[in-house]
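> Starting from these lines, generate the structure:
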Amino acid sequence: QVHLAESGGGLVQTGGSLRLSCAVSGRTFTMGWFRQAPGKEREFVGAIAWIGGNTYYADSLKGRFTVSRDNARNTLYLQMNSLKPEDTALYYCAASNGRVGARGLEYDYWGQGTQVTVAS
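The predicted model follows:
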């Protein structure tokens, strides 16, 4: 069983930065970040292999968002830079027992989410 707990969300101005954290308990192979804005479908943000650290991003977010992990602290991170109002969403971390993927169905465990609001 894997338990996930996100933190670090909040209100930020356009152009600002924010780093989300996800505390992980249990073993996992792949960790990912997803987001869901009101009235929209859940969207893949990025993912990382827990062993090896290979990363994979949504094309639209490459260059602004960075996924990383600290194995010793069992923590996943999402560094978000140059934030825009359209980045406003509930951000979730998720864990998979499989390979890195971009589909929500590939992930077995989910956190409760942390809200990010970007003010214009």
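> Can you tell me the element the most centrally placed residue in the chain falls in?
Closest to where the C-alpha atoms of the chain average out (Cα atoms, centre = their mean) is residue 33, at 2.4 Å. In the assignment (DSSP states H and E), residue 33 maps to strand 30-36.
> after that strand, next one along is what?
Following strand 30-36 in sequence, per DSSP H and E, is strand 43-49.
> Tell me the first helix or strand C-terminal of that following strand.
strand 55-57.
> List the buried residues in that next one.
Residues 56, 57 are the ones in strand 55-57 that count as buried (16 or more other Cβ atoms under 10 Å). For glycine as for every other residue, the C-beta is placed from the backbone atoms N, C-alpha and C.
> for it, the distance to its chain's centre please.
Here strand 55-57 shows a centroid-to-chain-centroid distance of 11 Å under the convention Cα atoms, centre = their mean, to the nearest Å.
> by contact count, what packs against the next helix or strand after that strand?
Next in sequence after strand 55-57, counting helices and strands by DSSP H and E, comes strand 65-70. If you count contacts as 3 or more Cβ pairs under 8 Å, 6 or more residues apart in numbering; DSSP states H and E, strand 65-70 packs onto strand 30-36, strand 43-49, strand 55-57, strand 75-80.
> what about strand 65-70, average pLDDT?
When pLDDT is averaged along strand 65-70, the result is 96.
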